[in-house]
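Asker: here is a sequence with its predicted model. Questions after.
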Amino acid sequence: MKILVLVKQTFDTEEKIRLQDGQVQEDGVRFVINPYDEYAIEEAIRIKEAGDAEVVVVSVGPSRSEEALRTALAMGADEAILADDSELFGDEYSAAKVLAAIARKDQYDLIIAGNQAVDDGSGQVAVRLAEELGIPHISTLTKLEVNGNEVIGHRDAEGDEEIVKATLPVLVTAQQGLNDPRYPSLIGIRKAGKKPLTHVTLADLGLTAEEIARKSEVVETFLPQPKTAGKILSGDLSQQVSELVTALHSVEKVIG
């Protein structure tokens with residue numbers, strides 16, 4: 001079995017977000033593997049350890065993303081691919097197109113990704129990739145069983161659980177609770193430096209800038225307004241309702 005794991009490098013969740021001229025500032029910021037992707041990497045490695053499987057990790061992002069891939073290799077992945085050509089960068093549509101081109105270079109039985117990235121939270125790239133490849137997908141898994149050619153996914157469904165069956169090839173996304181990701185061992189860190197990490201460009205993938213051009217645009221980036229003290233409504237119930245409606249209409253402007 002050959003497994004492809006999608007990895008994204010994101011801000012450490014403990015970092016304070018700073019904006020300048022509408023841009024998030026990255027100076028001095030610590031980057032980590034997207035937490036949901038850690039579950040995906042761990043699950044792939046567990047499947048590998050339980051049987052005969054090869055794990056390839058892939059990322060679309062700047063050169064600093066190599067650190068995240070090296071960490072995944074130290075955890076136990078076998079090979080890494082980094083699409084760090086700036087011509088490959090765009091939005092979720094672009095990323096899915098790039099990842100599909102990479103996936104088509106080989107035969108992958110199982111693709112595992114995090115349910116979403118903690119920086120943008122769109123949750124689109126993985127399922128877009130499945131559509132690009134024409135394979136089924138099961139999202140938000142809290143348990144994954146692989147029995148020969150059959151995959152059984154237990155998925156979180158807003159407090160309940162759904163059990164979905166599919167056959168390989170299939171793409172799944174990992175939710176918190178799927179497993180407990182390991183820390184890279186000292187031996188794993190040493191071995192990671194010797195494992196193959198391939199950099200790919202737009203030309204390598206046989207793509208054109210027009211094919212992967214973004215479909216969306218970020219108009220503005222801003223921090224949420226500081227929280228203010230709440231207001232306690234006074235009077236009887238009818239007076240409170242009237243005061244609330246007036247505030248929603250005139251102050252908050254959320255109703256017409």
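Answerer: Good, I have the coordinates.
Asker: wait, what's in contact with D156?
Answerer: For D156, the set of contacting residues under the criterion of Cβ atoms under 8 Å, 6 or more residues apart in numbering consists of 140-142, 175, 177. (Glycine included, C-beta is placed from N, CA and C.)
Asker: which among those residues gets closest to E54?
Answerer: Taking Cβ to Cβ as the measure, E54 sits nearest to L141 out of the contacts of D156, at 20.8 Å.
Asker: which residue packs closest to that closest one, ignoring adjacent ones?
Answerer: In space, and not counting its chain neighbours, L141 is closest to G153: 4.8 Å by Cβ to Cβ, 6 or more residues apart in numbering.
Asker: top of the contacts of D156 by neighbour count?
Answerer: Of all those, the highest neighbour tally under other Cβ atoms under 10 Å goes to L141, namely 25 neighbours.
Asker: beta-bridge partners for it, please?
Answerer: Counting by DSSP bridges, L141 is bridged to R155, A174.
Asker: my guess is it contacts V172, does it?
Answerer: Yes: L141 lies in contact with V172 (Cβ atoms under 8 Å); the separation is 5.3 Å.
Asker: what touches both of these two?
Answerer: Between them, L141 and V172 share the neighbouring residues G153, with contact defined by Cβ under 8 Å, 6+ apart.
Asker: which elements pack onto the longest helix anywhere in the chain?
Answerer: In terms of residue count, the longest helix belonging to the chain (DSSP state H) is helix 35-50. Counting by 3 or more Cβ pairs under 8 Å, 6 or more residues apart in numbering; DSSP states H and E, the packing neighbours recorded for helix 35-50 are strand 2-6, strand 54-60, helix 66-75, strand 110-114, strand 170-174.
Asker: what is the second one packed up against?
Answerer: In this structure, strand 54-60 makes packing contacts with strand 2-6, helix 35-50, helix 66-75, strand 79-83, helix 92-103, judged by 3+ Cβ pairs under 8 Å, 6+ apart.
Asker: now those in CSV, please, with extra columns for distance to A113 and mean pLDDT.
Answerer: CSV is the format used below for these (distance: least, Cβ to Cβ, whole Å; pLDDT from 0 to 100):
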stretch, distance to A113, mean pLDDT
strand 2-6, 4, 98
helix 35-50, 6, 96
helix 66-75, 13, 96
strand 79-83, 14, 98
helix 92-103, 9, 97
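Asker: would you format the ones you listed as CSV with distance to E217 included?
Answerer: Shown next, in CSV, are these (distance: least, Cβ to Cβ, whole Å):
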stretch, distance to E217
strand 2-6, 23
helix 35-50, 25
helix 66-75, 26
strand 79-83, 21
helix 92-103, 12
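Asker: could I get the ones you listed as a markdown table with distance to L197 and mean neighbour count?
Answerer: Rendered in a markdown table, the data for the helices and strands packed on strand 54-60 read as follows (distance: least, Cβ to Cβ, whole Å; neighbours: other Cβ atoms under 10 Å):
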| stretch | distance to L197 | mean neighbour count |
| --- | --- | --- |
| strand 2-6 | 14 | 24 |
| helix 35-50 | 15 | 22 |
| helix 66-75 | 6 | 22 |
| strand 79-83 | 4 | 23 |
| helix 92-103 | 13 | 22 |
